[in-house]
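Asker: model this:
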Amino acid sequence: MPYAILGLLTLALWIYCLVDIVTSPDGGIRYLPKMGWLLVVILIPTIGALLWLFAGRPLDESRPKSTTRFGEYDRPGRYVATNPDDDEAFLAGLRERAEQQRREARRQQAELDKDTP
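Answerer: Model prediction:
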């Protein structure tokens, strides 16, 4: 019976480490690439899992922060307008498109109202 419990704990550790490797960001993983860690954990289950936990796992500060409400704004490489005129032109284009969509919706609603008895 103790061997079964030890086996289940080892299996749980192995599965946890595999899921953790797959869900970890590539930039935060230490010493080996993600695929290398997957191979280590799969080929050497117990020792590889412990190595992952102590040596390869990303540090807490490299993990994505889920405390921000709008994670998209914190994404590296996100386009930010550097020229205010470009931003104004973009916003004007959005306003024009929204107005066109409103006009089209009103036209379609008028047609439906006309066809409905």
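Asker: contacts, neighbours, all on C-alpha from now
Answerer: Noted.
Asker: Which strand or helix spans the nearest residue to L13 once chain neighbours are set aside?
Answerer: Distance criterion CA to CA, 6 or more residues apart in numbering; nearest residue to L13, sequence neighbours excluded, is A49 at 6.9 Å. Per DSSP states H and E: A49 is located in helix 45-51.
Asker: and that helix, what other elements does it pack with?
Answerer: Contacts defined by 3 or more CA pairs under 8 Å, 6 or more residues apart in numbering; DSSP states H and E place helix 45-51 against helix 2-23, helix 34-43.
Asker: one step back: could you tell me how far the residue nearest to L13 is located from D87?
Answerer: Relative to D87, A49 is positioned 49 Å away (criterion: CA to CA, to the nearest Å).
Asker: Any idea how many residues pack against the residue nearest to L13?
Answerer: Counted by other CA atoms under 10 Å, the residues lying close to A49 total 25.
Asker: quick one, what contacts the nearest residue to V41 once chain neighbours are set aside?
Answerer: Nearest residue to V41, sequence neighbours excluded (CA to CA, 6+ apart): G48, at 4.3 Å. Neighbouring residues of G48 by CA atoms under 8 Å, 6 or more residues apart in numbering: 37, 40-42.
Asker: can you pick the most crowded of those residues?
Answerer: Counting neighbours by other CA under 10 Å, W37 comes out on top of the contacts of G48 with 24 neighbours.
Asker: so that one makes contact with W52?
Answerer: Yes - using CA atoms under 8 Å, W37 is in contact with W52, at 7.0 Å.
Asker: what about the longest helix belonging to the chain, average pLDDT?
Answerer: What stands out as the longest helix in the chain, according to DSSP state H, is helix 84-115. Throughout helix 84-115, pLDDT has a mean value of 88.
Asker: which helices and strands does it pack with?
Answerer: Using 3+ CA pairs under 8 Å, 6+ apart as the contact test, no helix or strand touches helix 84-115.
Asker: Show me the domain layout of this structure.
Answerer: Domain assignment of the chain by automatic domain parsing yields the ranges 1-59, 78-117.
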